[in-house]
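**Q** Just to be clear, the model below is a prediction. Sequence and coordinates:
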Amino acid sequence: NDRGAFPGLHTSHRPHPHRFQRGVIQLPRIILSHIPSESAQIRHVKQKMNILMDGLIEVFNAGRVGEAGHIVSQILDKNPTDCDALNFKAEIECQAGHNREAAKHLAHCVQLAPHNEVYRHNYAVVLADSRNLDLSLSETEILLVGNPRNVLFRYLDARILLRNNKYEPALVVLRQLTDEYPEAPEFHVCLLAPFAA
């Protein structure tokens, strides 16, 4: 059962499948989640905050990014340490091409909730997209220490290694993934990427 390989990642926004274009490994979009965290306790106490977050998810899923940004600002004005809102803010910044700002929001999330795998995963993705590959690999290594069999983290690690021209360790991970999940085409495509570049 593949679902067991992704513990703790509760989201309706699954990462996009691997996309190969002009020899560039395309990393997944960051994960948007409305998951239990430190800020969830605040939302349970403050019903207004819960309503705002539910509205944020609805408008974001509908593609109304400007309206979503306004709601995020309302939430963060009331609670600047709401990690879910900061996570959404990071995605909005990514869509606008502001990866450095997104990384700042996600770094704050990781600082506030260091054991939350979703925020750290998102931070690693944005760092990689910002070409901060060494720090991105460091964050991925932290994820793998805590959850070494997680397919998502292993796959992310391999793709960041490829971006950093560390082909040998990347191919080791990808061969393991293709052996374990022969039906998953994205692993096979990623495995061939260094030879197609």
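**A** All right, it came through fine. Numbers count the residues shown, from 1 in each chain.

**Q** what ranges do the strands span in this protein?
**A** 19-21, 24-26 (DSSP state E).

**Q** for the last one, what is the average pLDDT?
**A** This means strand 24-26. The average of the pLDDT scores along strand 24-26 is 36.

**Q** Where does the prediction get shaky in this structure?
**A** 1-56, 60-61, 195-197 (pLDDT under 70).

**Q** can you do 80?
**A** Where the chain drops to pLDDT under 80, the residues are 1-67, 193-197.

**Q** mind listing the helices in it by residue range?
**A** Listed in chain order, the helices of the chain (DSSP state H) span 38-45, 47-61, 65-78, 83-95, 99-112, 117-129, 133-146, 151-163, 167-180, 185-196.

**Q** Which strands or helices does the fifth one pack on?
**A** Counting contacts by 3 or more C-beta pairs under 8 Å, 6 or more residues apart in numbering; DSSP states H and E, the secondary-structure elements packed against helix 99-112 are helix 83-95, helix 117-129. C-betas here are computed from N, CA, C, even on glycine.

**Q** Just want the angle from the last one to helix 99-112.
**A** Spelled out, it's helix 117-129. On the basis of axes from the mean of the first three to the mean of the last three C-alpha atoms, to 10 degrees, helix 117-129 is oriented at 150 degrees to helix 99-112.

**Q** So which elements touch helix 117-129?
**A** Partner elements for helix 117-129 (3+ C-beta pairs under 8 Å, 6+ apart): helix 83-95, helix 99-112, helix 133-146, helix 151-163.

**Q** Identify the residues contacting the third one?
**A** Contacts with helix 133-146, where a contact means C-beta atoms under 8 Å, 6 or more residues apart in numbering, come from 110, 115, 117, 120-121, 123-125, 127-128, 150, 153-154, 156-157, 160-161, 163-164.

**Q** hmm, back to that, would you mind finding the most buried of the helices and strands packed on helix 117-129?
**A** The highest average neighbour count among these, using mean count of other C-beta atoms under 10 Å, belongs to helix 83-95 at a mean of 24.

**Q** Can you check what angle separates that helix from helix 65-78?
**A** Interaxial angle, helix 83-95 versus helix 65-78 (the same axes, to 10 degrees): 140 degrees.

**Q** Can you tell me which helices and strands helix 83-95 packs against?
**A** Here helix 83-95 touches helix 38-45, helix 47-61, helix 65-78, helix 99-112, helix 117-129, going by 3+ C-beta pairs under 8 Å, 6+ apart.
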